[in-house]
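Student: predicted model and sequence follow; I will ask about them next.
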Amino acid sequence: MTTINLKDFYPWYTHDEYIEVSEEVADELRANKLYEAAYQRRIVRNKAQYSLDCEDGIEYSACVSEPTPQELLERMEQFCHLCVALNTLPETQGRRVDACVILGKSYREVAEAEGVNESSVRESVKIGLESMKKYLKKVL
(Lines give C-alpha, C1' and ligand atoms only; values in the text may rest on other atoms or scores of the structure.)
Protein backbone atom coordinates (compact mmCIF):
# COMPACT_ATOMS: atom_id res chain seq x y z
CA MET A 1 0.00 0.00 0.00
CA THR A 2 1.16 3.49 -0.88
CA THR A 3 0.05 6.78 0.62
CA ILE A 4 -0.81 9.50 -1.90
CA ASN A 5 -1.91 13.10 -1.53
CA LEU A 6 -5.18 13.68 -3.39
CA LYS A 7 -4.31 17.37 -3.73
CA ASP A 8 -1.53 16.37 -6.15
CA PHE A 9 -3.94 14.61 -8.50
CA TYR A 10 -7.24 16.47 -8.18
CA PRO A 11 -7.35 20.29 -8.50
CA TRP A 12 -10.52 20.70 -6.42
CA TYR A 13 -8.73 19.56 -3.24
CA THR A 14 -7.54 22.74 -1.55
CA HIS A 15 -5.85 21.08 1.39
CA ASP A 16 -3.72 17.97 1.83
CA GLU A 17 -5.76 14.78 1.92
CA TYR A 18 -3.75 11.59 2.28
CA ILE A 19 -5.15 8.14 1.52
CA GLU A 20 -3.69 4.70 1.13
CA VAL A 21 -4.05 3.00 -2.24
CA SER A 22 -2.57 -0.07 -3.88
CA GLU A 23 0.68 0.19 -5.86
CA GLU A 24 -1.18 -0.30 -9.17
CA VAL A 25 -3.55 2.59 -8.50
CA ALA A 26 -0.71 4.87 -7.42
CA ASP A 27 1.28 3.98 -10.56
CA GLU A 28 -1.73 4.68 -12.79
CA LEU A 29 -2.37 8.04 -11.14
CA ARG A 30 1.29 9.05 -11.58
CA ALA A 31 1.33 7.85 -15.18
CA ASN A 32 -1.85 9.78 -15.95
CA LYS A 33 -0.44 12.94 -14.40
CA LEU A 34 2.73 12.63 -16.49
CA TYR A 35 0.68 11.97 -19.63
CA GLU A 36 -1.48 15.05 -19.04
CA ALA A 37 1.59 17.25 -18.45
CA ALA A 38 3.24 15.95 -21.63
CA TYR A 39 0.01 16.54 -23.59
CA GLN A 40 -0.23 20.14 -22.38
CA ARG A 41 3.43 20.78 -23.27
CA ARG A 42 2.86 19.31 -26.72
CA ILE A 43 -0.16 21.51 -27.35
CA VAL A 44 1.57 24.69 -26.20
CA ARG A 45 4.78 23.99 -28.15
CA ASN A 46 3.01 23.10 -31.38
CA LYS A 47 0.11 25.52 -31.34
CA ALA A 48 1.67 27.67 -34.08
CA GLN A 49 1.45 24.74 -36.52
CA TYR A 50 -2.32 24.40 -36.27
CA SER A 51 -4.49 26.19 -38.78
CA LEU A 52 -7.09 28.55 -37.41
CA ASP A 53 -9.36 27.51 -40.28
CA CYS A 54 -9.40 23.88 -39.20
CA GLU A 55 -12.27 24.41 -36.71
CA ASP A 56 -11.51 21.27 -34.73
CA GLY A 57 -11.03 23.09 -31.43
CA ILE A 58 -7.29 22.46 -31.13
CA GLU A 59 -6.31 26.13 -31.19
CA TYR A 60 -8.95 26.90 -28.58
CA SER A 61 -7.67 24.24 -26.20
CA ALA A 62 -4.10 25.43 -26.76
CA CYS A 63 -4.85 29.06 -26.01
CA VAL A 64 -7.45 28.80 -23.27
CA SER A 65 -7.09 26.87 -20.07
CA GLU A 66 -10.04 25.48 -18.17
CA PRO A 67 -11.04 27.56 -15.16
CA THR A 68 -10.36 25.98 -11.81
CA PRO A 69 -13.23 25.24 -9.42
CA GLN A 70 -12.06 28.19 -7.31
CA GLU A 71 -12.32 30.53 -10.32
CA LEU A 72 -15.76 29.18 -11.16
CA LEU A 73 -16.90 29.78 -7.59
CA GLU A 74 -15.56 33.34 -7.64
CA ARG A 75 -17.36 34.03 -10.95
CA MET A 76 -20.59 32.69 -9.52
CA GLU A 77 -20.25 34.91 -6.43
CA GLN A 78 -19.56 37.96 -8.63
CA PHE A 79 -22.59 37.13 -10.75
CA CYS A 80 -24.77 36.87 -7.63
CA HIS A 81 -23.49 40.24 -6.35
CA LEU A 82 -24.26 41.84 -9.73
CA CYS A 83 -27.78 40.36 -9.73
CA VAL A 84 -28.45 41.69 -6.25
CA ALA A 85 -27.08 45.12 -7.24
CA LEU A 86 -29.33 45.15 -10.30
CA ASN A 87 -32.32 44.22 -8.15
CA THR A 88 -31.67 47.17 -5.80
CA LEU A 89 -32.48 49.60 -8.64
CA PRO A 90 -35.98 50.94 -9.20
CA GLU A 91 -38.00 48.88 -11.68
CA THR A 92 -37.71 51.24 -14.65
CA GLN A 93 -34.00 51.84 -14.12
CA GLY A 94 -33.31 48.14 -13.69
CA ARG A 95 -35.25 47.28 -16.84
CA ARG A 96 -33.30 49.88 -18.85
CA VAL A 97 -29.90 48.77 -17.49
CA ASP A 98 -30.82 45.17 -18.26
CA ALA A 99 -31.88 46.00 -21.81
CA CYS A 100 -28.96 48.29 -22.70
CA VAL A 101 -26.06 46.72 -20.82
CA ILE A 102 -26.91 43.04 -20.52
CA LEU A 103 -29.03 42.45 -23.63
CA GLY A 104 -27.04 44.93 -25.75
CA LYS A 105 -29.97 46.94 -27.08
CA SER A 106 -29.36 50.51 -28.18
CA TYR A 107 -30.73 53.46 -26.25
CA ARG A 108 -32.95 54.30 -29.22
CA GLU A 109 -34.51 50.80 -29.29
CA VAL A 110 -35.31 50.94 -25.59
CA ALA A 111 -36.68 54.50 -25.87
CA GLU A 112 -38.95 53.53 -28.78
CA ALA A 113 -40.20 50.43 -26.95
CA GLU A 114 -41.05 52.46 -23.83
CA GLY A 115 -42.29 55.54 -25.69
CA VAL A 116 -39.83 57.93 -24.02
CA ASN A 117 -36.97 60.16 -25.11
CA GLU A 118 -33.59 58.55 -25.87
CA SER A 119 -31.76 60.97 -23.56
CA SER A 120 -33.91 59.90 -20.60
CA VAL A 121 -33.00 56.26 -21.22
CA ARG A 122 -29.31 57.17 -21.49
CA GLU A 123 -29.46 59.17 -18.23
CA SER A 124 -31.42 56.43 -16.46
CA VAL A 125 -28.83 53.80 -17.45
CA LYS A 126 -25.97 56.06 -16.37
CA ILE A 127 -27.51 56.71 -12.96
CA GLY A 128 -28.41 53.03 -12.58
CA LEU A 129 -24.83 51.92 -13.25
CA GLU A 130 -23.52 54.48 -10.77
CA SER A 131 -25.97 53.22 -8.15
CA MET A 132 -24.86 49.65 -8.79
CA LYS A 133 -21.20 50.69 -8.38
CA LYS A 134 -21.97 52.40 -5.07
CA TYR A 135 -23.85 49.34 -3.84
CA LEU A 136 -21.04 46.97 -4.85
CA LYS A 137 -18.39 49.14 -3.19
CA LYS A 138 -20.44 49.16 0.00
CA VAL A 139 -21.00 45.38 -0.06
CA LEU A 140 -17.57 44.29 -1.22
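Tutor: Yep, it's here. Numbering: from 1, shown residues only.

Student: need the helix or strand of the protein with the lowest average pLDDT.
Tutor: Lowest on mean pLDDT, DSSP states H and E among the helices and strands of the chain sits helix 58-63, with a mean of 64.

Student: can you give me the helices for the chain?
Tutor: 23-46, 58-63, 69-87, 91-97, 107-114, 118-139 (DSSP state H).

Student: would you single out the least confident of these?
Tutor: The minimum mean pLDDT among these belongs to helix 58-63 (a mean of 64).

Student: count of neighbours near Val116?
Tutor: Other residues near Val116 number 14, with proximity taken as other Cβ atoms under 10 Å. (Each C-beta comes from the backbone N, C-alpha and C, glycine too.)

Student: then the one 4 residues further on?
Tutor: Other residues within reach of Ser120 by the criterion other Cβ under 10 Å amount to 15.

Student: same check on Val97?
Tutor: Counted with other Cβ under 10 Å, Val97 comes out at 23.

Student: does it touch Glu130 like I think?
Tutor: No - Val97 lies out of contact with Glu130 (Cβ atoms under 8 Å); the separation is 10.6 Å.

Student: which residue is nearest the middle of the chain?
Tutor: Within the chain, the residue whose C-alpha comes closest to the C-alpha centroid is Arg75; the distance, by Cα atoms, centre = their mean, is 5.2 Å.

Student: pretty sure it contacts Pro67?
Tutor: Yes - contact criterion Cβ under 8 Å: Arg75 and Pro67 qualify, at 7.4 Å.

Student: name the residues contacting each of those two.
Tutor: Applying Cβ atoms under 8 Å, 6 or more residues apart in numbering, one finds that no residue jointly contacts Arg75 and Pro67.

Student: residues contacting the closest residue to Ser106 other than its chain neighbours?
Tutor: Among residues not flanking Ser106 along the chain, Cys100 sits closest, at 7.5 Å (Cβ to Cβ, 6 or more residues apart in numbering). Taking Cβ under 8 Å, 6+ apart, we find Cys100 in contact with Ser106, Tyr107, Val110, Val121, Val125.
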